[in-house]
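In: here is my input, please return the structure:
(chains A, B and C)
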Amino acid sequence: MNLKTTLLGHTYQFRDLKEIMAKANEEKAGDQLAGIAAENAKERMAAKWVLSELTLEQIRENPLLPPEQDEISRVIEEDLNKKIYAEIRHWSVAELREYLLSSTTGADEIRRVSRGLTSEMIAAVSKVMSNLDLIQAAAKIEVITHCNISIGQKGVLAGRAQPNHPADDVNGIRASLFEALSYGIGDAVIGINPVIDTADSVKAIMNMTKDVINRFQIPTQNCVLAHITTQMRAIRQGGHADLVFQSIAGTEAGNRAFGIDLALLEEADALAHSEGTGAGPNIWYFETGQGSELSGDAHYGMDQVTLEARCYGLARRFKPFIVNTVVGFIGPEYLYDGKQVTRAGLEDHFMGKLHQLPMGVDVCYTNHMKVDQNDMDNLAVLLGTAGVNFIIGVPMADDCMLNYQSTSYHDIATLRETLGLRPAPAFEKWLEKMGIMSGGRLTAAAGDATLFA
Amino acid sequence: MMKQPIDLQELTDRIMKELQERLPQRESVRQESPHSRESAVPAEAPFLEEAPSPMVPKPQSPEQLEEWCASTPARIGVWRAGTRPLTRAMLKFRCDHAAAVDSVYGEVKRETLEHFGLFSVDTQYGNIENYLKRPDMGRVLTDQGTEKLLAECRRNPQVQIVVSDGLSANAIERNLPDVYPALLDSLQANGLNSGTPFFVKGGRVAVMDHIGELLQPEVLVLLIGERPGLVSSASMSAYMCYRPRKGMMESNRTVLSNIHQGGTPPVEAGAHIGTLLRNMLEQQTSGVKLVI
Amino acid sequence: MIHMDEEWITSVGIDLGTSTTKCIVSRLRLARKSGAFALPRFEIAERLLTYESAVFSTPLLNRNEIDVARVMQWLEQEYVKAGIRFTDIKSGAVIITGETANKHNAKQLVHYLADRAGDFVVATAGADLESLLSGKGSGAERRSEQSREVICNVDIGGGTANASFFRKGRMIETVTLHVGGRLIQLSPEGQIVYVSEAIRPWLREKGFHLMEGESAAYDYIRLIARQMSRTLLDFLQGLSMQGKLLAVGRVPEAMPPISEMMISGGIGGMLGSEPPQDMKEIAVYGDFGPLLAAALAEECARSSFRLVRSEHAVHATVIGAGMQSTEISGSTLHLTPGMLPMKNIPVVKLEDGDAEAAIRLGLQIYDPVNCPPFALFIPAMKPVRYDMIRRLSESIVQGYRRLVPGCDKLIVVCENDMAKALGQSLMLRSAGELHIVCIDQVKVDHGDYLDLGEPIRGTMIPVIVKTLVFSGS
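Out: From the prediction side, this is the model:
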């Protein structure tokens, strides 16, 4: 494996694949915090150059974290289609990039080739792609999933209604949910992040949202984003959950910090299939986000893009209905400014899609990052053109419970009108029946929550 | 317990008669009370600012909309221009963001520290940009700060109180006057004694570990500014740890968060810290293993 | 932190009525309603009915006295059947209803019973409380939570009809009328055995003539039942004031407009039954109750409101007393150990931070011999600042020491979540000389009575507020 290159009169010698992968990343505060980022712009380019010439086989044969040491590595290895891999193992990373971007490569070709790719290969190719590359390649991929309805079709932009409340007051949650529905938001999922971690309270929110869905016959699915063990208790106590949720990390140790492992996910999967209320076959909702492994001190010297790709390697096993990368939640020590957030959002979306995952993005930031709402507007438009399956809808983009800013009900409606995108077909029919949407545009009545009074 | 049985009806009659005579506002008592009877008052106090009135021009149910808007601090009932928010709603949002950003970059006033008798030491954070990018540097005191602590502070106190700006100087300015004296009361009420309190500039939560190594307290409570949100840019947390030292896990710490008027009530939070600390001392642990 | 997520307590309800007595046992589940990083807070999340006694004829020693010993004996047997011990019972209420409340020894009895029915069972009486509890027990209160409209529950037993009006989960009005099944009693031969004095003015006004000892025609009794139903319903709807002739106590100036009505109590339980067809059938019951029920159903059908089924028609009052009377204080409080339970503490509201005025007022109204003579209630203030807590605690301690020198027990109830802070401050300012109960997140008012149960896990206490707001002339 060649670990050396000469660039602009300077010779760069890298220690191993892990170092190349890290240094080939676009600038990220998290890689700098971990002490693995490129020293300067030239070193970054040298790493990209070397990486682009490595073959897929070299990447597979030099595991960053051996399968014997980590169950996520095992999942990725086990789920690799060896025949398809054999056909492409001699490709360089550069060739993989060009294949993805080639005008003769369509959705079907990408779907096939993706089965022969490990998460590390997918991370590698993203590191030699520009932002527009990431958009174009992702836009080719269509990932349609079905829980109670189908989402992910070309031309569809779905929204998660995220009507959180700082005290889990079900009346307040319901009010905010009605506001979402009145703007045509809620086709991806009605998903609430609870404050109170008791099965009782989680069950109450599950059942309130399910009641609303039943009362107004809304073609969508509900989910309460508590820890998976709490959701399981709530479901066993009679909670109605169409989807089950969990945040995941890219290493076994990272997942342990989240209080989960593969066995627990499998147990939850079995429970959701037997006692969940979603029609399926896709009944999972996963969340990821660059930087969580480092913050849990479970990164093994890997960079945050590669670790993020490994999350998708794990998610892929459970055939989720939706995956959401919460791109700017974790703070400036991982993604410092708007530029880094934009890059991370496009990378995550592309990498997830190349795993054939139904990717959504929480386009978001916290108040100690060098980011503002204009950066969110920009990234949302970029992702809309890249074909993101869904983004987050929060009242006026301000989540009064999680204390961060995301995208708003208004933003999703605007992206749909500006980019010519539509809600999920079943949901759009319902919006028309309710008089909220007509011909793909909001009606004069839209935006009034008391349509649901 | 009452010593003698009371004749309820008779007493009632007496009271109502007396009340009628003595309370000119009895009529209003009678009218108001039926509406506010029976249920315990919700613990989450209403929000600091009155919810703005709904902007929807012709809602199906204006009354219902008012009620819904009052049920959540979320920005609902805001209406739209096309698919975009109205100008006022948009600017209000940006104003709140501006306040949040400014509180990250703010500083705790010298007078505030003097008022509470807190001397100040620095972490190795250097400057605010570095503070944001390098949380590890906010976890260690400077050499100068270390020397100052060793010179000024009582060693091995039962309780060590530390205050730090963290991500919101504003949180300290706004909440310390309520939390701090209530905390001192709660220590006294629980029979606990505390060492020499001080302020840490540029602190992260895990600076507790470094201080723990230096002063060896039995328990340490750190009052620190939280990452500001838009609902409040002045929210404080209290992190508590039994025998803090290097390598403590997040799960070893007990936390009370979201302390501000409109969140966790500051005075009551301060008053409850003493109980938590006493539990830690009794159980000789903190964090996830502490039984409350 | 390892938090307690839930706790169950046992609560009983005992209804000592005009003709019958019943009891129920319920389990109340307290569930944590606070996040892991917030101050602890609990709510009653579930109320399960676990045992319902058979109906027991209220035993009398003579026409004017209830046989206390037999009631107690019966209760002991019921507890055995329910599988509970007296010491298991952490909450509940005894209510003495209808005409029983006028018996000679009723008041002594209700307290006697309450003190012996469990660790913390309280005594209640009065038509308004009866209305409130039946409206809670019937499910009217809960149903109104989800509605903007007014739901009226009328609990009709042997002697009275207790109406309670609910909107948005709160009782907004109440009124009681002499309308009940046993107001007119008949012999097996169809003779009038008894006509209550209470309804005679109304009978006269309506032109009815009923003489004890005479026999009456089926149609005539039926007409009276129908007219009585009409008077009741018209009165509750504010259509006619004729019901004033039947009213017990206060009559509201205006009735809230009713959208839905529930009928509970013995008459409520008979609503769905086939009405008796002739005098012989009526006489089987010994009173005109079945006819009244049938007439009510007919008249309701003709009214503009919807008649909805109550969840617990017959036992609404006892279920209300047993399952719905208790609330839970905030979970951060200050308590000198060993002071609870305490019963029947009158409430004085402390207004504008003026502790001395409140204490003086309390001592004028309530018996200063009792210790504590009353509880101080501190209504909501916003925001709660430490300086205010300190000033308040100083003035309460000073005022209490000076004006109530013989009493070392102080009870303070706060509306805001601040009881631990205030309690600790009170303790420190009084140098530990006062024994203090300071609780919060309970709303009371002048003239209310408080019952405070034993602390649960030392962090919260069951509270029963007996409101007298609707009483008086």
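In: gap between the spatially closest residue to residue C:342 that is not a sequence neighbour and residue B:256?
Out: Counting by Cβ to Cβ, 6 or more residues apart in numbering or on different chains, residue C:342 lies nearest to residue C:452, which is 4.9 Å off, once chain neighbours are set aside. Every C-beta, even on glycine, is put in place using the N, C-alpha and C of the backbone. The gap separating residue C:452 from residue B:256 is 27 Å, by Cβ to Cβ, to the nearest Å.
In: name the element residue B:95 belongs to?
Out: Per DSSP states H and E: residue B:95 is located in helix B:87-104.
In: now do the buried residues in that helix.
Out: Judged by neighbour count (16 or more other Cβ atoms under 10 Å in any protein chain shown), helix B:87-104 contains these buried residues: B:89, B:90, B:92, B:93, B:96, B:97, B:99, B:100, B:101, B:103, B:104.
In: which neighbouring elements make contact with the helix or strand that that helix is followed by?
Out: Later in the chain than helix B:87-104, the nearest helix or strand by DSSP H and E is helix B:110-115. Under the contact criterion of 3 or more Cβ pairs under 8 Å, 6 or more residues apart in numbering or on different chains; DSSP states H and E, helix B:110-115 touches helix B:169-189.
In: do that again at 7 Å, thanks
Out: Contacting helix B:110-115 under the criterion 3 or more Cβ pairs under 7 Å, 6 or more residues apart in numbering or on different chains; DSSP states H and E is no other helix or strand.
In: and the next element down the chain from it?
Out: Later in the chain than helix B:110-115, the nearest helix or strand by DSSP H and E is strand B:119-122.
In: that following strand pairs with which strands?
Out: Applying DSSP bridges, strand B:119-122 is found paired with strand B:198-201 (parallel).
In: hmm, the helix or strand where residue C:124 lies in reach of chain B?
Out: Assigned by DSSP H and E, residue C:124 belongs to strand C:122-125. Yes - residues of strand C:122-125 contacting chain B under Cβ under 7 Å from any Cβ of the partner chain: C:123, C:125.
In: so which elements touch that strand?
Out: Secondary-structure packing of strand C:122-125 (3+ Cβ pairs under 7 Å, 6+ apart): helix B:8-22, strand C:89-96, helix C:106-116.
In: do that again at 10 Å, thanks
Out: Judged by 3 or more Cβ pairs under 10 Å, 6 or more residues apart in numbering or on different chains; DSSP states H and E, the packing partners of strand C:122-125 are helix B:8-22, strand C:6-16, strand C:89-96, helix C:106-116, helix C:127-137, strand C:342-349, strand C:449-452, strand C:462-466.
In: wait, does the fifth one contact chain B?
Out: Translated: helix C:127-137. Yes - using Cβ under 10 Å from any Cβ of the partner chain, helix C:127-137 reaches chain B at C:129, C:132, C:136.
In: tell me how many other residues surround the first one.
Out: Spelled out, that is residue C:129. Residue C:129 has 26 neighbours, counted by other Cβ atoms under 10 Å in any protein chain shown.
In: and the pLDDT for it?
Out: Looking at residue C:129, its pLDDT stands at 84.
In: what's the spacing between it and residue C:439?
Out: For residue C:129, the distance to residue C:439 equals 22 Å [Cβ to Cβ].
In: the last one now?
Out: Spatial separation of residue C:136 from residue C:439 under the definition Cβ to Cβ is 22 Å.
In: ok, these two, which is more surrounded?
Out: Between residue C:136 and residue C:439, counted using other Cβ under 10 Å, residue C:439 has the larger neighbour count: 29 against 25.
In: ok, residue A:11 touching residue A:46?
Out: Yes - look at residue A:11 against residue A:46 with Cβ atoms under 10 Å: they come within range, at 8.6 Å.
In: pull up the overlap in contacts between these two.
Out: Shared contacts of residue A:11 and residue A:46 (Cβ atoms under 10 Å, 6 or more residues apart in numbering or on different chains): A:4, A:5.
In: so these two - more neighbours on which side?
Out: residue A:46 (25 against 9).
In: now that one: closest residue in space, sequence neighbours ignored.
Out: Spatial nearest neighbour of residue A:46, excluding adjacent residues (Cβ to Cβ, 6+ apart): residue A:12 at 3.8 Å.
In: what about that neighbour, which helix or strand?
Out: Per DSSP H and E, residue A:12 falls inside strand A:10-13.
In: quick check: which helices or strands does the next helix or strand after that strand pack against?
Out: Downstream of strand A:10-13, the first helix or strand assigned by DSSP H and E is helix A:17-23. Counting by 3+ Cβ pairs under 10 Å, 6+ apart, the packing neighbours recorded for helix A:17-23 are strand A:10-13, helix A:41-53, helix A:56-61, helix A:119-127, helix A:304-317.
In: may I see the buried residues of the shortest one?
Out: Buried residues in strand A:10-13, counted by 16+ other Cβ under 10 Å: residue A:12.
In: what do you get for the third one?
Out: Buried residues in helix A:56-61, counting neighbours by 16+ other Cβ under 10 Å, are found at A:56, A:57, A:58, A:59, A:60.
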